[in-house]
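# quick one: sequence plus predicted model below, questions after.
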Amino acid sequence: DAGVIQSPRHEVTEMGQEVTLRCKPISGHNSLFWYRQTMMRGLELLIYFNNNVPIDDSGMPEDRFSAKMPNASFSTLKIQPSEPRDSAVYFCASTLGGDEAFFGQGTRLTVV
Amino acid sequence: SQQGEEDPQALSIQEGENATMNCSYKTSINNLQWYRQNSGRGLVHLILIRSNEREKHSGRLRVTLDTSKKSSSLLITASRAADTASYFCATDARGYSTLTFGKGTMLLVSP
């Protein structure tokens, strides 16, 4: 298996633009997580899907952030409009049964 | 808020020495996991210890768990330069099988 695949690896965008991050979880995994990592705040859980259904989105910073999982093999995290404080590395991870999490390589987002 | 807090924040040792990192958490857990992150990469799972276990080994890794103190330790024996990375503990305290991470310990192993 290729592991969890995220795209793009790097994204530079201007403030106010829409940003869409993509994730393909490991085939057969039933849980998917989006995390954001910054030096100041560490790794923050943004949202958790189980069987494609959002279970816990309490970590989503505000209404500018939205996430979808239309099927078991694809998820998106969208920021609209983006702001400089959204600059971070965004990770997607998937699990089967809730134990070991497999992380993607991350998307480094820079909003200027 | 962070569930797990690692200590120390940074650790610098020589190759061949042992490295010990600690993690404290706040609420009851089902399991505690340790992950490694190399610079610019995603996190990689190292080891999982369940709440009814006290110690676990995997290669050069030894993890202990003290649920009464809500703490865990990760010991890396005979460290190598390739062990240089950040190490995170993660707990599933939310009860939804989600993982909450600490801010990590940065380990530097010098040749």
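Okay, I see it. Note that the coordinates shown come from a computational prediction; the quantities given were computed from them, not determined experimentally.

# when you work out contacts or count neighbours from here on, use the C-alpha atoms and nothing else.
Fine.

# for whatever residue of chain A ends up closest to chain B, grab the count of nearby residues.
Relative to chain B, the nearest point of chain A is residue A:105 (4.5 Å; CA to the nearest CA). For residue A:105, the neighbour count with other CA atoms under 10 Å in any protein chain shown is 22.

# didn't it look like it was pressed against residue A:89?
No. Between residue A:105 and residue A:89 there is no contact under CA atoms under 8 Å: 9.4 Å.

# got a list of what the residue of chain A closest to chain B touches?
The neighbours of residue A:105, taking CA atoms under 8 Å, 6 or more residues apart in numbering or on different chains as the test, are A:4-6, A:9, A:91, B:40-42.

# quick one: low-confidence ranges for chain A?
A:1, A:98 (pLDDT under 70).

# do a quick rundown of the strands in chain B.
B:5-7, B:10-14, B:19-24, B:31-37, B:43-50, B:55-58, B:61-66, B:71-76, B:85-91, B:100-101, B:105-110 (DSSP state E).

# and these as a markdown table, adding mean neighbour count and mean pLDDT?
Formatted as a markdown table, the strands of chain B follow (neighbours: other CA atoms under 10 Å in any protein chain shown; pLDDT from 0 to 100):
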| stretch | mean neighbour count | mean pLDDT |
| --- | --- | --- |
| strand B:5-7 | 21 | 85 |
| strand B:10-14 | 15 | 96 |
| strand B:19-24 | 21 | 96 |
| strand B:31-37 | 22 | 94 |
| strand B:43-50 | 19 | 95 |
| strand B:55-58 | 14 | 96 |
| strand B:61-66 | 19 | 98 |
| strand B:71-76 | 20 | 97 |
| strand B:85-91 | 25 | 94 |
| strand B:100-101 | 25 | 88 |
| strand B:105-110 | 21 | 96 |
